[in-house]
Structures are given as C-alpha cells and as structure tokens.
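Enquirer: Return a 3D structure for these sequence lines:
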Amino acid sequence: MPPYLTPVKPVRRIRYLIFMKDVLILALTTFGGPQVHLAMLYERFVKKRRYLTESELMELNALCQILPGPTSTQTITAVGFKIGGPNLAYITLLIWVLPAVSIMTAVGMGMYYLEQHNLSLRFARFIQPMAVGFLIVAGYRIGQKVIKDQISLALAITAALVAYVFRSPVMTPIVIVAGGLITALTYQKHERMEKKPLKIQWANFFLWAGVFIGAAGLGAITQSLPVRLFENFYRNGSLVFGGGQVLTPMLYNEFVAFKHYLTREEFLSGLGLVQALPGPTFCFASYIGALSMRHSGWSGQFWGSFVSTAGIFLPGTFLIYFVYRFWEQLKRYRVVRASLDGVNAASSGLTAAAAIALFEPMAPYWPSVAVVLITMGILFFTRIPPVVIVICGLLAGVVL
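Expert: Numbering: from 1, shown residues only. Model (predicted):
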C-alpha cells in the first residue's frame with residue numbers, strides 16, 4: 001500500500017481509545033495510594049500494553065515526585081502526554097479523577113443532608129479515629145524515606161513544632177520553602193553531573209503563575225466564595241510535595257482551624273472515607289468544596305466541588321507540562337536535587353503536626369484511642385487494604 005494510503009490516524013485513534021479505557025479501569029480499581037498506583041500503572045501500561053518501558057515509567061514517576069501536586073495523577077497524565085500529547089493528557093486527567101471526584105462530591109452533599117435532617121452520623125464515629133491512624137502511619141512511612149541525616153531530622157522536628165504552634169495556612173509555604181533553601185546549601189554532597197544548556201519553553205509556567213496571581217487578585221477584589229475556594233486549593237496544590245498525606249495538614253489548617261468551613265468531625269469523616277476510594281486521594285478537595293458551600297443549595301455545593309477540584313489538580317498539571325520538556329537537563333543540577341531533601345523533610349514534619357492536632361481531642365476518650373491504635377496495628381502488621389478497614393469501620397458503626 002502506498003504511504004499516502006496508510007491508515008495512520010485511525011490506528012492512532014484506536015490506540016488512544018484503548019489507552020483511555022485502561023485509564024478508566026485504573027481509576028475504578030487502584031486503591032492504596034501512590035505506591036500501589038505505581039505498581040498498577042506498571043502492570044497495565046508496561047507489562048500488558050507496552051505503552052512505554054519500565055525505565056521510562058520510573059523516570060516519569062521520579063519527575064512527578066519532585067514537583068508539587070498529586071504524584072500519581074501527574075504520572076498518569078505524563079504518560080498520556082508522552083503517548084498522545086497535551087490533548088490526550090487532559091482527557092487522561094479527567095478520566096482518572098472523575099470517579100473519585102463524583103463519589104466525594106456526593107458524600108459531601110449527603111453529609112450536609114443528614115445534618116440538616118438531624119439524622120445520626122454515629123455510623124461514621126469509628127471512621128474519624130481511623131483517619132488519624134491512617135495519617136500517623138503515613139507520616140511515619142514518609143519520615144522513614146526522607147529523614148536521612150541530622151539536618152533532615154532537625155528540619156522535620158522544627159517544621160512540626162512551627163506548624164503545631166502557629167496553626168495558620170500562611171506557615172505551610174514558609175516552612176516548605178525554608179526547608180528547601182536550607183538543604184540547597186548542602187549541594188556539594190551530591191554527585192556532580194555533566195550539565196547541558198537548559199532549553200525552556202515558558203508557556204505553561206506563565207499559565208500556572210498567571211492563574212495563581214489572577215485567582216488571588218480576583219478573590220481579594222470580589223470576595224466571592226467560589227473564587228476564593230479555587231484560589232485556596234490552587235495555592236495548596238501549588239505548594240504540596242509528597243502526595244495526599246502531606247496535603248491533609250494543609251487543608252486542615254486552612255479550612256478547619258483557620259476558616260472554620262468544616263468542623264473537625266466532618267473533616268475526619270471525609271478523610272477516612274476517601275481512604276476507601278480508588279483513584280487519587282486529592283479528591284478529598286471535592287468533599288471539602290461541597291461542604292464549604294453547603295448554604296448555597298445543591299447547585300452551590302456542586303459548584304464548590306467543581307472549583308475546588310479544578311483548583312487542586314490544575315497546578316500539578318500545568319507544572320508537569322512545563323518541566324517535562326526540560327527535565328533531562330534540570331535534574332543534573334546539584335542544587336535542585338539537594339533542595340528536595342529539605343522540602344521532603346519539612347513535609348514530613350507538617351504531617352506529624354497534623355496528626356498530633358487531630359489526635360489531641362480524642363486523647364481523653366479511650367474508645368477513640370483504641371480505634372487509632374488498632375488501625376495503626378493493622379496497617380503496620382497486616383496487608384489488609386485500607387478500603388477493607390474503612391468498610392469494616394462503617395459496618396461496626398452501624399451495628400454498634
């Protein structure tokens with residue numbers, strides 16, 4: 001067949017459709033956080049479909065780990081970008097987040113409905129201490145990975161103390177940036193790599209920065225709650241390193257301790273329930289957004305969920321589009337690699353502070369303490385998936 005008659009586009013279109021079906025399957029079946037997500041991406045994208053090699057997948061995942069935002073979401077979006085460019089990447093992002101976002105939005109609306117009709121929420125009473133158990137274990141495991149020396153240990157402890165004493169969302173970016181700057185000074189410990197000139201395409205960076213500044217300015221001028229919600233989540237999504245566990249203290253400080261959009265019980269119930277869902281834990285933002293606009297009716301709750309979801313996921317998407325194009329050159333700079341140590345150490349400290357703040361009110365009540373300890377024991381010493389633990393907690397709440 002002559003080259004001009006070769007059906008290239010139909011074949012490519014079929015390949016894209018198969019890829020999108022695979023993304024949907026993953027969105028409905030991937031429980032357990034970034035580590036489990038990566039294993040399932042490997043099984044489906046590398047071993048089964050051969051969309052890319054193992055080394056290519058691991059490199060993309062490493063890149064996403066050093067960027068702010070949801071690691072699993074950025075990785076799967078980057079795979080879509082590699083296969084079919086930016087359009088397929090955006091569709092990939094939408095398919096990946098839609099199931100969990102839909103469920104958490106419905107949960108947020110349902111929670112408010114129960115409260116309005118004075119229906120008991122006692123069925124979720126075990127979920128709240130279980131969420132604290134999940135957070136403590138996640139913080140411990142993050143610390144094991146990122147605390148490598150006395151400097152990182154000191155940074156983690158300092159970050160925890162500062163975040164615990166000064167419970168303001170303003171402190172979060174300060175702590176993270178300070179941690180990165182401190183360890184950047186130790187760059188000489190890192191291996192020197194041959195550098196190549198950086199060839200940077202700035203469009204997506206300016207898009208990210210433009211939305212960041214524009215949303216902050218528009219929110220300050222209009223004082224519109226949907227705009228401010230978008231700005232709040234966009235800012236948090238631009239500053240969080242380390243995944244959903246690190247995002248938790250940022251959201252708690254912002255929306256519970258500082259702005260009082262949610263009660264502590266509502267926050268913990270949503271945090272526990274999101275552990276039982278497939279897909280990205282960043283979809284917790286959808287739940288918070290819906291409850292934050294509870295007094296605006298069903299349409300307002302949906303709108304709150306939408307702007308919050310867009311706010312939390314867009315920064316990481318813009319940044320992966322931006323950095324992906326010159327990652328090979330950037331990772332050769334020792335200062336960049338060194339700064340990540342401090343960012344990660346500070347993030348682990350923030351997680352510890354959030355776990356302490358959430359556990360404090362439970363400490364006088366031995367049943368809550370027992371649930372926290374049992375949850376931690378199950379996570380540490382068994383392979384029972386979080387979804388099973390959460391379902392058992394809900395069933396126990398209904399029966400007892």
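Enquirer: remind me which residues of the stretch 301-400 of the chain are low pLDDT?
Expert: 327-328, 331 (pLDDT under 70).
Enquirer: ok, which stretches of it are helices?
Expert: 327-330, 334-359, 366-381, 386-399 (DSSP state H, counting those that start in this stretch).
Enquirer: Which among these is found nearest to I221?
Expert: helix 334-359 (30.4 Å; CB to CB). For every residue, glycine as well, the C-beta is placed using N, CA and C.
Enquirer: and the closest one, how far out from the chain's middle?
Expert: The chain centre lies 14 Å from the centre of helix 334-359; the measure is CA atoms, centre = their mean, to the nearest Å.
Enquirer: swap in stretch 320-340?
Expert: Worked out by CA atoms, centre = their mean, stretch 320-340 lies 20 Å from the chain centre.
Enquirer: got the end-to-end distance for that stretch?
Expert: Stretch 320-340 has its terminal residues 16 Å apart, counting by CA to CA, to the nearest Å.
Enquirer: And stretch 25-41, by the same measure?
Expert: Stretch 25-41: ends 11 Å apart by CA to CA.
Enquirer: again with stretch 191-210
Expert: 35 Å.
Enquirer: Residues contacting it, please?
Expert: 238, 315, 318-319, 321-322, 325-326, 328-334 (CB atoms under 8 Å, 6 or more residues apart in numbering).
Enquirer: how about 6 Å then?
Expert: Under the criterion CB atoms under 6 Å, 6 or more residues apart in numbering, residues F318, L319, Y321, F322, R325, F326, Q329, R332 lie in contact with stretch 191-210.
Enquirer: ok, so of the residues you listed, who is nearest L135?
Expert: Of the contacts of stretch 191-210, the one sitting nearest to L135 (CB to CB) turns out to be L319, at 25.5 Å.
Enquirer: Now that closest one: closest residue in space that isn't a chain neighbour?
Expert: L67 (5.2 Å; CB to CB, 6 or more residues apart in numbering).
Enquirer: go on, N232?
Expert: E254 (6.0 Å).
Enquirer: Can you get me a residue count around the one you found?
Expert: 21 (other CB atoms under 10 Å).
Enquirer: One more: the one 10 residues further on?
Expert: Other residues near R264 come to 16 when the count uses other CB under 10 Å.
Enquirer: do A89 as well
Expert: That count, for A89 with other CB under 10 Å as the rule, works out to 22.
Enquirer: these two touch, right, it and V79?
Expert: No: with contact defined as CB atoms under 6 Å, A89 does not count as touching V79 (8.4 Å).
Enquirer: returning to that earlier point: out of the helices of the stretch 301-400 of the chain, the one nearest L135 is which?
Expert: Among the helices of the stretch 301-400 of the chain, helix 334-359 comes nearest to L135, with 4.8 Å by CB to CB.
Enquirer: Just the angle for that closest one relative to helix 366-381, thanks.
Expert: Using axes from the mean of the first three to the mean of the last three CA atoms, to 10 degrees, one finds that helix 334-359 and helix 366-381 are set 150 degrees apart in direction.
Enquirer: buried set for helix 334-359?
Expert: Neighbour counts over helix 334-359 (16 or more other CB atoms under 10 Å) mark 334, 337-359 as buried.
Enquirer: Domain map for this protein?
Expert: 3-90, 100-399 (automatic domain parsing).
Enquirer: Figure out how far the shortest one is from the centre of its chain.
Expert: Meaning domain 3-90. Centroid separation for domain 3-90 versus its chain: 18 Å, with CA atoms, centre = their mean.
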